[in-house]
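A.B. asks: fold the following for me, if possible:
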Amino acid sequence: MAATGGAGRPEKRRAITRAATAVFGREGYARASMDAIAAEAGVSKRTVYNHFADKETLFLSVALQNSAELTERIGELMAKYLDRVVDPRRDLIDFAVERARAVLSAAEHGALGRAIRAEVANIPADVLAAWLEAGPVASQRELAARFEALAGRGLLAVEDAGLAAEQFTLLTFHGIAERSFWGALPIADEEVERVATAGVDAFLRIHGPSAPSPRARG
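C.D. replies: Coordinates of the predicted model:
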């Protein structure tokens, strides 16, 4: 699914994608219409179709753009806190807190994410798969690579880095995300830090450098 040819000015395309992000986040995928998006952007519906073949193509474009921007930001945080780890506990807590803040403050991404989760049965399967790959899957893959590197340095005890990345996210982030309804409601910084700290401590009890391997525990 690609956008139609390059007809039209770049500023109009940007206006359309900004408007689409707002409308999809507010109305959801099924209820959003190309008429509403055109009105939000201050352009004609023909202009929207000059840039995007259909609603599915437009939704995919804005979903991927928002996911890619947030994934890039999270990648920057991984590089900052996990590439030169000295104190695993402190660096993991700092990363967990900053990742949560980055996600919760990304208002447009949060609105789109809530729309996707609420209407997952209505989202075309290829669009959903592309959004997951550009966002949550890509971030988890990057995190797994970091954990594998830390295990190689003896700073973590990890046999399945992908599973460890899932566990870390569940322990340090999902409670915050659910409590805030993925950024829709405010959550105090102190609570973010409390959940992140407790989650990291639980994670290190499983994967700290002195943790026994799964085979040894068995």
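A.B. asks: show me where pLDDT drops low in this structure?
C.D. replies: The model of the chain has pLDDT under 70 over residues 1-8, 211-218.
A.B. asks: now the helices: where do they sit in it?
C.D. replies: Taking DSSP state H, the helices of the chain run over residues 10-31, 34-41, 45-51, 55-82, 88-105, 107-118, 125-134, 136-152, 161-169, 175-179, 189-207, 214-217.
A.B. asks: make a markdown table out of the ones you listed and add mean neighbour count.
C.D. replies: Every residue, glycine included, has its C-beta placed from N, CA and C. Shown next, in a markdown table, are the helices of the chain (neighbours: other CB atoms under 10 Å):
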| stretch | mean neighbour count |
| --- | --- |
| helix 10-31 | 18 |
| helix 34-41 | 19 |
| helix 45-51 | 18 |
| helix 55-82 | 19 |
| helix 88-105 | 20 |
| helix 107-118 | 19 |
| helix 125-134 | 15 |
| helix 136-152 | 18 |
| helix 161-169 | 19 |
| helix 175-179 | 17 |
| helix 189-207 | 18 |
| helix 214-217 | 9 |
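A.B. asks: distance of residue 92 from residue 27?
C.D. replies: Residue 92 is 38 Å from residue 27, where distance means CB to CB, to the nearest Å.
A.B. asks: err, residue 210, not the other one
C.D. replies: Using CB to CB, we find residue 210 at a distance of 52 Å from residue 27.
A.B. asks: and residue 44, how far from residue 15?
C.D. replies: With distances taken as CB to CB, residue 44 is found 12 Å from residue 15.
A.B. asks: meant to ask about residue 113
C.D. replies: Distance from residue 113 to residue 15, counting by CB to CB: 23 Å.
A.B. asks: try residue 186
C.D. replies: Counting by CB to CB, the gap from residue 186 to residue 15 is 29 Å.
A.B. asks: what's the answer for residue 171, then?
C.D. replies: Going from residue 171 to residue 15 by CB to CB gives 41 Å.
A.B. asks: repeat that for residue 182.
C.D. replies: Going from residue 182 to residue 15 by CB to CB gives 26 Å.
A.B. asks: ditto for residue 169
C.D. replies: For residue 169 relative to residue 15 (CB to CB), the value is 35 Å.
A.B. asks: residues contacting the closest residue to residue 193 other than its chain neighbours?
C.D. replies: Once flanking residues are discounted, residue 193 sits nearest to residue 97: 5.5 Å by CB to CB, 6 or more residues apart in numbering. Contacts for residue 97 were tallied using CB atoms under 8 Å, 6 or more residues apart in numbering; they are 192-193, 196.
A.B. asks: redo that, cut-off 10 Å
C.D. replies: Residues in contact with residue 97 (CB atoms under 10 Å, 6 or more residues apart in numbering) are 77, 81, 172-173, 176, 189, 192-197, 200.
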